[in-house]
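K.L.:
here you go, sequence then predicted model.
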Protein chains: 4
Amino acid sequence: MQLGMIGLGRMGADMVRRLTKGCQQCIAYDVQPAAVERLKQEGVAGAASLEDLVAQLDKPRAIWLMVPAAVVDATLDQLAPLLEPGDIVIDGGNSYYHDDIRRGQQLGAREIHYVDVGTSGGVAGRERGYCLMIGGDPQVVQRLEPIFATLAPGVGAAPPTPGRDAAANSGSTAGSTAEQGFLHCGPQGAGHFVKMVHNGIEYGLMAAYAEGLNVLRHADAGRHAREADAETSPLRRPQFYQYDLNLGEIAEVWRRGSVIGSWLLDLIAGSLASDAELTNYTGRVSDSGEGRWTIAAAIDEGVPTPVLSAALFARFSSRGDADFANRVLSAMRHDFGGHAEKAASPPPGPTNPA
Amino acid sequence: MQLGMIGLGRMGADMVRRLTKGCQQCIAYDVQPAAVERLKQEGVAGAASLEDLVAQLDKPRAIWLMVPAAVVDATLDQLAPLLEPGDIVIDGGNSYYHDDIRRGQQLGAREIHYVDVGTSGGVAGRERGYCLMIGGDPQVVQRLEPIFATLAPGVGAAPPTPGRDAAANSGSTAGSTAEQGFLHCGPQGAGHFVKMVHNGIEYGLMAAYAEGLNVLRHADAGRHAREADAETSPLRRPQFYQYDLNLGEIAEVWRRGSVIGSWLLDLIAGSLASDAELTNYTGRVSDSGEGRWTIAAAIDEGVPTPVLSAALFARFSSRGDADFANRVLSAMRHDFGGHAEKAASPPPGPTNPA
Amino acid sequence: MQLGMIGLGRMGADMVRRLTKGCQQCIAYDVQPAAVERLKQEGVAGAASLEDLVAQLDKPRAIWLMVPAAVVDATLDQLAPLLEPGDIVIDGGNSYYHDDIRRGQQLGAREIHYVDVGTSGGVAGRERGYCLMIGGDPQVVQRLEPIFATLAPGVGAAPPTPGRDAAANSGSTAGSTAEQGFLHCGPQGAGHFVKMVHNGIEYGLMAAYAEGLNVLRHADAGRHAREADAETSPLRRPQFYQYDLNLGEIAEVWRRGSVIGSWLLDLIAGSLASDAELTNYTGRVSDSGEGRWTIAAAIDEGVPTPVLSAALFARFSSRGDADFANRVLSAMRHDFGGHAEKAASPPPGPTNPA
Amino acid sequence: MQLGMIGLGRMGADMVRRLTKGCQQCIAYDVQPAAVERLKQEGVAGAASLEDLVAQLDKPRAIWLMVPAAVVDATLDQLAPLLEPGDIVIDGGNSYYHDDIRRGQQLGAREIHYVDVGTSGGVAGRERGYCLMIGGDPQVVQRLEPIFATLAPGVGAAPPTPGRDAAANSGSTAGSTAEQGFLHCGPQGAGHFVKMVHNGIEYGLMAAYAEGLNVLRHADAGRHAREADAETSPLRRPQFYQYDLNLGEIAEVWRRGSVIGSWLLDLIAGSLASDAELTNYTGRVSDSGEGRWTIAAAIDEGVPTPVLSAALFARFSSRGDADFANRVLSAMRHDFGGHAEKAASPPPGPTNPA
């Protein structure tokens, strides 16, 4: 099937490559001519402008946007006037699903179809395939199945889920494409809604591993002297914190047979294998919106998400955004208890140097 | 290698089966003669008593306890007098690592070796193999390697971690058994310490999925009428909560290519495939100690674990343990605002019945 | 000064009474004629309709709305056409500040002034006075000062803040009305923004007391037998949980001299004095929106609010909204560990009945 | 009544002063002779050594320790041999209640009485009085009532709690001293247990204010440009974050009539009045143990404390103790998404400089 791709960043370019390898026909466009040129050298058809892209595509057209969420609207403003009734626009980026609903209505008024696709897989997706969560009209989504099936990992990427056959026979999952790695989740916005929650979960999973590894890393707390002053909580039983654990080896052993095995754990094991102290990072953790939107949705729905929100707020704090709150705490402590803030101290040395 | 196994519950019996299949020689014992009998009918050697077990084992003996944490001490009280210097006792259950340290000292005074093994894998372990986190003296642990290697999943159970080869060449992981699925983590207690944190992480991972699925499940919140009174927060934009999502299909699609793929997700997909509403469960979630101990360790170490603790506390709340706190809140609301508690209402019907 | 009051519920009626007692002239209106009648019998002027209210007021008019947030817009739709340039509408309820900004613009287009006032004080406000957080144009707010000053508690309601004099002399707080208990916080919406965060803090404070009292209440945990099974985490050191504490007396003692003394604590002491077990409540805790909006604002701002959000989510959970998430957890536990859910058990009896 | 005071730091010395002013007879001792000298110059009797202190006291003696928790045991080791049956030792510091139970048993074996007193009030206590939470044998506690009554704030320090009279008449609080500001909470350890939870609550209250003020402080978020890149979550509706709020004035207005009035709020108002930006603090917040112990007790009891633990963990994070966890997060983000960490940026300037 033929597809126009707008946006040839890491994700967009790799998706073009996977589609091309899977015998789909792509015409690639990016505002950076160099990005188009790179793919052309790999044998992919390129377009010099949006007009050129539209002109090269057979009608009804299918055009996939893989651009930063912040420029989707500007791109659509330029693209939509070039399109005709029956054409399909797919937003495969990280848009907020509220925007999908609005865009779907705006384009729908001109009989242009809009499909939102939450895409997970990251830099590994070119090889592993992409997990696709799709929102839009059923017939339109169905028209795009060759594209989705080529981008997705395919049935063989995971062992069958026990019990699904029975469910399929009873009709509830008959014909479902979920096992191929793509799913029509519902009407416009549903794809990005599901992807949003996917990322919210991702934040929680990541934080669970990170916190646990931090506990393991400090299992030697009893070997370090704590200052003995009223501002420092003493460690009552240092004999229980005498372990010097190898986190990389622990992450590796968990990859086989344990309950907490996962793809994220595989990545952690890789990171720790090459840099046991993760010295390449300072610990300022960004967030790109989906985690925030997940909590906002949970609050609207009245659904408790203490874990997902704690994971989000830890990222905020990692960037210093709790600083003023902390100063308020220090001020109170000073005022009721005469407590002065302690200066940051260098990492304590071992108490048993031998 | 020869091993005595005490405790033939689900875990212990399956481990005997895996060891036997892997050509290790087991002698099995349980306080329930029927449990011994079952394994004897599968061709495993059985013992009629602790004395009988000890008598049948070649010296120096290796005996694995797979009994509830609460009865380990009582079992050791009976077993230890029967043992001799050089014998090894392995606790493969869910003991608190503080107990390991004490037991190791007590048995060590009599030159009996004590090894603690955190075992993950659950009911699937017989086929998948068990992830083993091991604490004890290096030479003793090494003597047991045939046992560990047979119980563990083996190298082939996961693809190699990129970057490990280089690390191995540089010496840091040379000779490590982590890739086989078992790891000597450190001195006595280190195995159960690592397993404790493993379970703490497990709680966090589980809660992340559970919260996210709950947000997805309530994506239809805008289709239900909320009561319009001062005690109910209104849903300002119901048009954004009109999705009727199929959680089982979503869990299935996430299994391939997504960032949040994991063994736990595989299980969730299976559960939802066979019972989309999970009506077999009421939502009273137990905890068996490791999650609590993880938080206690984090607090001792001064390590923030907001996600892991939130996951633990959600389990407490699921069992009604927040009830008095909630009554305090209701009392305050009544006293300052005159707010009366609302009665629990039946699930609201759709506002758009058509 | 003259003021029209629309909405004679508990808050509105009491505010009329406080204003009247403070020699302000009120004309009272409510959609329920009986509510108007009650105040007329207390000597307050009443209006039979919005038209009547508007007719009775001197120009430029000042009209205070004290109606549920959900009906403010509907009331304004009826009221605004009756008003003239220069008139002032005050929303003293719990509106979302986004609505204030919109309303301010809509009314401003017709040269009608809009002032938003976050009002704290609850049922005690009639006697104690109301804390007023105000948003709007400075000149308009200033015109209303007699009203605000009468509703507010006044300078004498709290001892002076040390250090404020110096600040006042240096100009930063010169002329501030904060010490009287009302404050012009900023332009339209600022009053309800500050009130919103006030309530977000309130949720956190309430939860802190509630959780702490719950810990105290279970200080006798060691006197109750826990079931000894793999689904129940044992209490390792029951000797440390043998206290039978009198929560009402503890709340009372904290009221004097402690760091945690507060008006909320005063209320708790009163509740516990009359009903030590709070048996009048079931623990379903409502939330009326401000806590949710506070978290939404924090997320927009990138400000970590782990405590305020945990307090909000505990309320959601108190109403059963975590149930599906909990069933997901139980399903996972069943699937990986063979764990069956435990039934809810009756409260355990004492182990030491003597 | 006569009392020996050991430990003349800020708290101990002020308590001696309050007792002396209240006509109790103190003999003061400290390991620092200068501290004794200061009080002697104020007319208080001093002791040159523990032996001297014991010799000067009438039998049966009452001796109050007001020393750091870390040196209580060492002090008791020296003091106990000098004492006789019937003497009373009071620990008024911040001991862990586990230690109280042990000490009570050890001293009790020699018929020396041990009383634990949780003391709240801080530097303001000399004037306001101290809130005292007491554990020990009833008769012993009763003997000390003149001391407690003098240290405590007294009935007049707070208005009566409505409903207490009825309770008193019905017997449940008859004769209670709670209204005077001291309370016999239960047997040994109960005083410090209640004080421990008091401080746990204190952490939660403080964090609630601090988080809320941080939300207020960032109410101008829409006036600052956020970088527009994939690593920065955009602020969708900057028009709602245009407020420049005066936090000191807001804290002041909340002091009168609002639901969140408290002594801690009084302190905050004072801090902000003298230093609106709290520039004297860096935001490294210490914790002195009680908050940790509260969570440990909650976990033992199975009581959910999501708010109190979030407050504790925020303090840990303020000191950098989440750094490794954050680096793990950054490493994962890099590995699955190719995300590079952003450098810390200087505070953004306003977008609307005019």
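P.N.:
Great, that's in hand.
K.L.:
residue A:182 against residue A:148, yeah?
P.N.:
Yes: counting by Cβ atoms under 8 Å, residue A:182 touches residue A:148, with 4.1 Å between them. To be clear about C-beta, it is placed using only N, CA and C from the backbone, and glycine gets the same treatment.
K.L.:
more crowded one of those two?
P.N.:
Using other Cβ atoms under 10 Å in any protein chain shown as the criterion, residue A:182 and residue A:148 rank with residue A:182 on top: 31 against 22.
K.L.:
beta partners for that one?
P.N.:
residue A:132 (DSSP bridges).
K.L.:
chain D versus that one, what's the distance?
P.N.:
19 Å (Cβ to the nearest Cβ, to the nearest Å).
K.L.:
what's the answer for residue A:23, then?
P.N.:
27 Å.
K.L.:
same question for residue A:265.
P.N.:
Taken as Cβ to the nearest Cβ, the span from residue A:265 to chain D is 10 Å.
K.L.:
also residue A:146?
P.N.:
Following Cβ to the nearest Cβ, the distance that separates residue A:146 from chain D is 27 Å.
K.L.:
sec struct for that residue, please.
P.N.:
helix (DSSP: H, G, I helix; E, B strand; the rest coil).
K.L.:
and the pLDDT at it?
P.N.:
Residue A:146 carries a pLDDT value of 98.
K.L.:
try residue A:230
P.N.:
65.
K.L.:
now do the shared contacts for residue A:182 and residue A:148.
P.N.:
Residues touching both residue A:182 and residue A:148 (Cβ atoms under 8 Å, 6 or more residues apart in numbering or on different chains) are A:132, A:134.
K.L.:
what does the stretch 201-350 of chain A put close to chain C?
P.N.:
Contacts of the stretch 201-350 of chain A with chain C, taken as Cβ under 8 Å from any Cβ of the partner chain, map to A:259, A:292, A:295-296, A:299-300, A:302-306, A:309-310, A:312-314, A:316-317, A:319, A:321-322, A:325, A:336.
K.L.:
just the buried residues of these.
P.N.:
A:259, A:292, A:295-296, A:299-300, A:302-306, A:309-310, A:312-314, A:316-317, A:319, A:321-322, A:325, A:336 (16 or more other Cβ atoms under 10 Å in any protein chain shown).
K.L.:
can you tell me which of the residues you listed are up against chain D?
P.N.:
Within those, those near chain D by Cβ under 8 Å from any Cβ are A:292, A:306, A:310, A:314, A:317, A:319, A:321, A:322, A:325, A:336.
K.L.:
quick check: the two most widely separated of the residues you listed?
P.N.:
Across these, the longest distance by Cβ to Cβ is 34.7 Å; it joins A:292 and A:336.
K.L.:
how about the strands in the stretch 51-200 of chain A?
P.N.:
A:62-65, A:88-91, A:113-120, A:131-135, A:182-186 (DSSP state E, counting those that start in this stretch).
K.L.:
what number of residues lie near residue A:45?
P.N.:
So residue A:45, with other Cβ under 10 Å, has 18 neighbours.
K.L.:
now for the helix or strand hosting residue A:28, which elements pack on it?
P.N.:
Here residue A:28, judged by DSSP states H and E, is contained in strand A:25-29. If contacts are counted by 3 or more Cβ pairs under 8 Å, 6 or more residues apart in numbering or on different chains; DSSP states H and E, strand A:25-29 sits against strand A:2-6, helix A:10-21, helix A:33-41, strand A:45-46, helix A:50-56.
K.L.:
please save the CA atoms from stretch A:52-64 in PDB.
P.N.:
The C-alpha coordinates for stretch A:52-64 follow below in PDB (Å, rounded to 0.1, in the frame of the first residue of the first chain):
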ATOM      1  CA  ASP A  52       4.800  17.600  -4.200                       C
ATOM      2  CA  LEU A  53       4.000  14.900  -1.700                       C
ATOM      3  CA  VAL A  54       0.300  15.300  -2.300                       C
ATOM      4  CA  ALA A  55       0.700  15.300  -6.000                       C
ATOM      5  CA  GLN A  56       2.700  12.000  -6.000                       C
ATOM      6  CA  LEU A  57       0.200  10.100  -4.000                       C
ATOM      7  CA  ASP A  58      -2.700   8.100  -5.500                       C
ATOM      8  CA  LYS A  59      -6.200   9.000  -4.500                       C
ATOM      9  CA  PRO A  60      -7.600   8.500  -2.000                       C
ATOM     10  CA  ARG A  61      -4.400   9.400  -0.200                       C
ATOM     11  CA  ALA A  62      -3.000   8.200   3.100                       C
ATOM     12  CA  ILE A  63      -0.500  10.500   4.800                       C
ATOM     13  CA  TRP A  64       1.200   9.800   8.100                       C
END
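K.L.:
show me which positions of it end up buried.
P.N.:
A:53, A:54, A:56, A:57, A:61, A:62, A:63, A:64.
K.L.:
quick one: contacts for residue A:110?
P.N.:
Counting by Cβ under 8 Å, 6+ apart, residue A:110 has contacts A:80, A:83, A:85.
K.L.:
save those residues as JSON lines, and put in pLDDT too.
P.N.:
Shown next, in JSON lines, are the contacts of residue A:110 (pLDDT from 0 to 100):
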{"residue": "A:80", "pLDDT": "98"}
{"residue": "A:83", "pLDDT": "98"}
{"residue": "A:85", "pLDDT": "98"}
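K.L.:
could you list which of those belong to helices?
P.N.:
Of the contacts of residue A:110, none are assigned to helices by DSSP state H.
K.L.:
now tabulate the strands of the stretch 51-200 of chain A in JSON lines and tack on mean pLDDT and distance to residue C:99.
P.N.:
Formatted as JSON lines, the strands of the stretch 51-200 of chain A follow (pLDDT from 0 to 100; distance: least, Cβ to Cβ, whole Å):
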{"stretch": "strand A:62-65", "mean pLDDT": "98", "distance to residue C:99": "34"}
{"stretch": "strand A:88-91", "mean pLDDT": "98", "distance to residue C:99": "31"}
{"stretch": "strand A:113-120", "mean pLDDT": "98", "distance to residue C:99": "29"}
{"stretch": "strand A:131-135", "mean pLDDT": "98", "distance to residue C:99": "30"}
{"stretch": "strand A:182-186", "mean pLDDT": "98", "distance to residue C:99": "30"}
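K.L.:
so which of those strands comes closest to residue B:265?
P.N.:
Among these, strand A:131-135 comes nearest to residue B:265, with 11.2 Å by Cβ to Cβ.
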